[in-house]
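**Q** Provided below for reference: sequence and predicted model.
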Amino acid sequence: MSFIKFIGTAGARFVVMKQLRASGGMWLKVGKTNLYIDPGPGALIRCLHSKPKLDPSTLDGILLTHKHLDHSSDVNVMIEAMTEGGLKRRGVLFAPGDALEEDPVVLKYLRGYLERVEILKENSDYRVGEIFFSTAKRHNHRVETYGINLMTSPHTISIITDTRFFPEIPGLYRGEILIIHVVRLKPVGEEPIDHLSIEDVKTIMRGAKPKLTILTHFGMTMIKAKPWEVASDLEKELGMRVIAASDGLQIDLEKIGSPEEWPLLSH
Ligand SMILES: [Zn+2]
C-alpha cells in the first residue's frame, strides 16, 4: 500500500512550541519504500504511537527540506532508529548542504551509520528504492531550502515547503496532489517573514491546477482561523478540491483512484 501520512501539521515557532498541533512532518510509503520527510519535534514518538504503528527501522531514507528546527529536530534520533542504533548500516539521508556543513543539524558520529548521504541541490533528481523525486529552484527562506516533486504513481505529488512567495512557484510544482506548507492566513506584505499565506496559495493553485491540494504546516493565524474552514472557503472560491491536513491524516495513494473519488476525503 502506498500512502502519505501527516505525522504532524504544526508549522512555525508557536504552534510547534506549544504543540497546538503535533509536529513531525510526513511519512511517505511507495510500494516497499519508506521515506520520512522533515522529522521535526516528536517525529519518533508520533511514529511509535501512531495506529497502526510506524516502525522507523523500516525506513529507507530521511529527507530534510531544510534545517530549521521544526523540520529537523528529530533527525538524529530517527537516523539512530532507522539504523537500529547503528548496528545496521542502512538508509539514505537527503539534506541541503548547509544542514550538514556550517552549524550542522546532523551529528557527525551518526553519519557513518547511513548507507549514504546525498546533498540536495537545485533542479536535481534523486532516488531511494521505489521513490523517485526531484528538487526545484532554491526557495526564498533564510536557510537552504528545497521543495520536491515526487514521481509517484498513480498520482504525482508536489510538496511546497517553507518559502516566501516567488512568481515561478506555480510552474515549478505541477504534481496532481499538491501539499503546501501554509503558515500564514494573511499576506506577509513587507514583513520579514519567509512563509506562504492563503493569498499565495490561491495564486499557486490557479497557476499549478492541482487535482487535490492539501494544506499543512499551520502557524498560529491559520490555527485560529480553523484550517478546515479555510480549506472549504478556498474550495468554494476556486472550484478546486482542497483539504486541510490534520494530525495523523493518511492519504492512501492507490485508493484515490480518480478526482471524482476525492470528495470522499473528510476534512
Ligand atoms: Zn517550517
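**A** That came through, no problem.
**Q** for the helix or strand of the chain with the lowest mean pLDDT, packing partners?
**A** None of the helices or strands of the chain scores lower by mean pLDDT, DSSP states H and E than helix 12-17, at a mean of 90. Judged by 3 or more C-beta pairs under 8 Å, 6 or more residues apart in numbering; DSSP states H and E, the packing partners of helix 12-17 are helix 69-72, helix 220-224. No exception for glycine: its C-beta is placed from N, CA and C like everyone else's.
**Q** where's the longest one relative to the chain centroid, distance-wise?
**A** By that I understand helix 220-224. Centroid separation for helix 220-224 versus its chain: 19 Å, with C-alpha atoms, centre = their mean, to the nearest Å.
**Q** Equivalent analysis for stretch 233-253, please.
**A** The answer for stretch 233-253 is 15 Å, by C-alpha atoms, centre = their mean.
**Q** Only C-alpha atoms, please: export it in PDB.
**A** Output of stretch 233-253 as PDB, limited to C-alpha atoms (Å, rounded to 0.1, in the frame of the first residue of the first chain):
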ATOM      1  CA  ASP A 233     -13.700  28.500   1.600                       C
ATOM      2  CA  LEU A 234     -10.900  28.000  -0.800                       C
ATOM      3  CA  GLU A 235     -12.800  25.200  -2.500                       C
ATOM      4  CA  LYS A 236     -15.800  27.300  -3.000                       C
ATOM      5  CA  GLU A 237     -13.900  30.300  -4.300                       C
ATOM      6  CA  LEU A 238     -11.600  28.400  -6.700                       C
ATOM      7  CA  GLY A 239     -13.800  25.400  -7.500                       C
ATOM      8  CA  MET A 240     -10.900  23.000  -6.800                       C
ATOM      9  CA  ARG A 241     -10.500  20.200  -4.300                       C
ATOM     10  CA  VAL A 242      -8.800  21.400  -1.100                       C
ATOM     11  CA  ILE A 243      -8.400  19.700   2.300                       C
ATOM     12  CA  ALA A 244      -6.700  20.800   5.500                       C
ATOM     13  CA  ALA A 245      -4.400  18.100   6.900                       C
ATOM     14  CA  SER A 246      -5.000  17.000  10.500                       C
ATOM     15  CA  ASP A 247      -2.500  15.200  12.700                       C
ATOM     16  CA  GLY A 248      -2.400  11.500  11.700                       C
ATOM     17  CA  LEU A 249      -4.300  12.100   8.400                       C
ATOM     18  CA  GLN A 250      -3.300   9.300   6.000                       C
ATOM     19  CA  ILE A 251      -3.900   9.700   2.200                       C
ATOM     20  CA  ASP A 252      -4.000   6.300   0.500                       C
ATOM     21  CA  LEU A 253      -2.300   7.000  -2.800                       C
END
